[in-house]
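[1] After the sequence you'll find the predicted model.
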Amino acid sequence: MKKFLLMLGAVAFMTACKDDGSGNGGSINYEEGYKYLTSLNVSDAKMIYQKTATGRTRAETGDTYYKVDLSGNEIKLSIKGEDGQDNNINISKIVKLSDKVILVNPIAQEVLDLFYKPVGNDLEINLSYQSTEYMSIVNVETEKLYRWPKDIQIDIYNGTLKSRQDNKGNIYFTSGNFSYNQIYKLIVSDFTMQSMLPEGQEFTNFDVTGDGFIMYWNDNADNKNYKVKCPGGRIYPITDVPFMIKDELYSYKDKKIIKWETIGNNEMKETEVCEFNNLPDDVTSSDKYEIIQVLNNYAKNTVLLHDNWGSWYEFDGETYSKVEIPQDFNWYELEPGCFYTNKAWYRQDNTHFNKLSMNDYQVSEFQVLDYEIQSISTSSESSNITFTGIRYMDGANIVGTINESNEIVENKVSENGEKIINLIPLN
C-alpha cells in the first residue's frame, strides 16, 4: 500500500526545479507558486458553480467559480496566498469528493505568471488550461489548500470520479473512463493518501463499509467478479449477490441472506441471517430463484430486493417483508434519467418526473413546466434536487431546488445572460 503526503500549500518551498528547456541553463522553481495557494473562501458555501458568458470567449470573461453562501448571497471564490492576498487566480475545475473536501485545480498559467517573468532570451512558458501542476485538495471547514500528490494521476476533465466515505469520514475515490484500476484513500485526520488495491485490478464500481472494507466489482463481467479488499490487505472473492445496509456488508447466497462480519482489519466471517426463498406457489421447488436487483433505501436504512419472479422484499438487516412496487415503475441506476435522493427514487423524461417514495413506496408524478432543466445534481445525503436551467418567463439562467414536496425554489438568478454550469451542492 503506497502512501502519499498532501502538503499544505503555504509550507516552506522545496528546492526541486524543472528545466525550462531554454538551453541557457535556466530553470523554473514551480514550488514557488504554492505561496499563492493557501486558502479558499468556501467554508460557508451552500453550493458552488461556474458561470460562462454567452457569446464571449474565456479570455474575455475569465474563468469564475462562485458560491452561494448560507444567507443566499453570491460571492466569487477567492484563492488567497500565505500573505492573505487575493492574486485573482481563477479556477479551471472543481470536483466534489465529499461535503467537507473538494478538489480544486487553479489555472496553472495564472499562478506561473505571478513569479516567472521571462526577459531577454528566457523561454516563454505556456501551460495548458487543463494543466494539473497546482491541483489541490481543500478542507471545506478550515478552507486550507493541500497539494495534490504528483504520483496520483486522475482525469478530472474527461473521466468520471467516484467517491465513498467510511464512518470516520475518510474518503475513498477512483477516476477513469468506463472502468477503473485503483482506489485511493484520503485520510482526513492528517490529509495523507494511499492506494488501496494491488496492480492489475479492473472494476466499474465500488462501495465501502463503515470500517473501511472495500467492495468492488465489474459490471461488464458476466458474474460481476465481486471482491472485498480488507484494510489489512487480504482480498475475498464473493460469488453471490452482495449489498450494503447501515454500512455493513450482506449478500444473497443459495436462498439465504448472509452477513459478512468483519474481524479485525483483515478477516471476514459469513453468518446466516435468514432463509430467503420466495418461489411462487404455482412453481416447483427446483425452479430457479435469484435476486436480480438491489435498491438502497436511504430513508429507512434498508434495501429492496427484487427477485426474478417480479416480487419485491424489504430487508432491514435482520428480517424481511414483501412490499408492493408498481410494475410499471422501472428504475435502474445506470439508465439516463434515473437518480435518487435520500427520500425517493426518480425517473425523469423531459418535463415529467416519476417519483417512488422510500417511506411508503407510493408512486407520484409531477411536471416542471416553467423551466428548461439543463443539469441535475442529487445525493443520498439530501432530499433536494438541485438543478441549473432556463426560466421560460424571461430566459434567465437560474440555479434552483426541487424539494421533497415537489416545490421549486430559485436559489440564484444569473445576470447578463451568463450560463450556470458545473453545479456542486455542499451543505
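    Structure's in. What do you need? Numbers count the residues shown, from 1 in each chain.
[2] What number of residues are in the vicinity of residue 207?
    Around residue 207 there are 19 other residues, counting by other Cβ atoms under 10 Å. Just so you know, the C-beta spots here come from the backbone N, C-alpha and C atoms, and that holds for glycine as well.
[3] Surely it and residue 164 touch.
    Yes: if you go by Cβ atoms under 8 Å, residue 207 and residue 164 touch, sitting 6.0 Å apart.
[4] so where is the stretch 1-150 of the chain shaky, pLDDT-wise?
    1-26, 53-63 (pLDDT under 70).
[5] can you pull out the helices in it?
    Counting by DSSP state H, counting those that start in this stretch, the stretch 1-150 of the chain has helices at residues 58-61, 108-115.
[6] which residues touch the last one?
    It stands for helix 108-115. For helix 108-115, contacts defined as Cβ atoms under 8 Å, 6 or more residues apart in numbering pick out 28, 30, 32-33, 36-37, 87-90, 92, 125-129, 131-134.
[7] are any of the residues you listed buried, and which?
    Neighbour counting by 16 or more other Cβ atoms under 10 Å classes 28, 30, 32-33, 36-37, 87, 89-90, 92, 125, 127, 131-134 among those as buried.
[8] What is the most widely separated pair among these?
    Comparing every pair within the buried ones among the contacts of helix 108-115 by Cβ to Cβ identifies 28 and 90 as the most remote, at 20.7 Å.
[9] just to revisit the earlier point, and of the buried ones among the contacts of helix 108-115, the nearest to residue 421?
    Nearest member of those to residue 421, counting by Cβ to Cβ, is residue 92, at 12.8 Å.
[10] for that closest one, what are its contacts?
    Residue 92 makes contacts with 63, 105, 106, 107, 108, 129, 130, as judged by Cβ under 8 Å, 6+ apart.
[11] That one and residue 107, how far apart?
    Distance of residue 92 to residue 107, computed by Cβ to Cβ, to the nearest Å: 5 Å.
[12] got the contact list for residue 136?
    By Cβ under 8 Å, 6+ apart, the residues touching residue 136 are 9, 37, 103, 104, 105, 106, 145, 146, 147, 148.
[13] what's the neighbour count on the nearest residue to the last one once chain neighbours are set aside?
    In space, and not counting its chain neighbours, residue 148 is closest to residue 135: 4.2 Å by Cβ to Cβ, 6 or more residues apart in numbering. Neighbour count of residue 135, defined by other Cβ under 10 Å: 21.
[14] now that we're looking at residue 135, which residues does it contact?
    Taking Cβ under 8 Å, 6+ apart, we find residue 135 in contact with 103, 104, 105, 106, 148, 156.
[15] Kindly report the same for residue 384.
    Taking Cβ under 8 Å, 6+ apart, we find residue 384 in contact with 341, 378, 401, 402, 403, 404, 425.
[16] repeat that for 6 Å
    401, 403 (Cβ atoms under 6 Å, 6 or more residues apart in numbering).
[17] And residue 213, by the same measure?
    By Cβ under 6 Å, 6+ apart, the residues touching residue 213 are 228, 230, 262.
[18] Out of those residues, which comes closest to residue 211?
    Nearest to residue 211 among the contacts of residue 213 is residue 262, at 5.7 Å by Cβ to Cβ.
[19] contacts for stretch 256-264?
    211, 213, 249-251, 268-276.
[20] next one: it to chain centre, how far?
    The chain centre lies 27 Å from the centre of stretch 256-264; the measure is Cα atoms, centre = their mean, to the nearest Å.
[21] so how far is stretch 335-351 from its chain's centroid?
    How far stretch 335-351 lies from its chain's middle: 17 Å, per Cα atoms, centre = their mean.
[22] what's the burial count for residue 271?
    Residue 271 has 10 nearby residues by other Cβ under 10 Å.
[23] tell me which strands and helices the helix or strand it falls within is in contact with?
    For residue 271, the enclosing helix or strand under DSSP states H and E is strand 267-275. If you count contacts as 3 or more Cβ pairs under 6 Å, 6 or more residues apart in numbering; DSSP states H and E, strand 267-275 packs onto strand 256-263.
[24] can you pull the buried residues of the strand it packs on?
    Those would be 257, 258, 259, 260, 262, for strand 256-263 by 16+ other Cβ under 10 Å.
[25] Could you export that strand as PDB, CA atoms only?
    Taking Å, rounded to 0.1, in the frame of the first residue of the first chain, the C-alpha atoms of strand 256-263 are listed here in PDB:
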ATOM      1  CA  LYS A 256     -30.200 -17.400   2.200                       C
ATOM      2  CA  ILE A 257     -29.200 -13.900   3.400                       C
ATOM      3  CA  ILE A 258     -25.600 -13.800   4.700                       C
ATOM      4  CA  LYS A 259     -24.000 -11.100   6.800                       C
ATOM      5  CA  TRP A 260     -20.200 -10.700   6.300                       C
ATOM      6  CA  GLU A 261     -18.900  -9.800   9.800                       C
ATOM      7  CA  THR A 262     -15.500  -8.200   9.900                       C
ATOM      8  CA  ILE A 263     -12.900  -9.500  12.300                       C
END
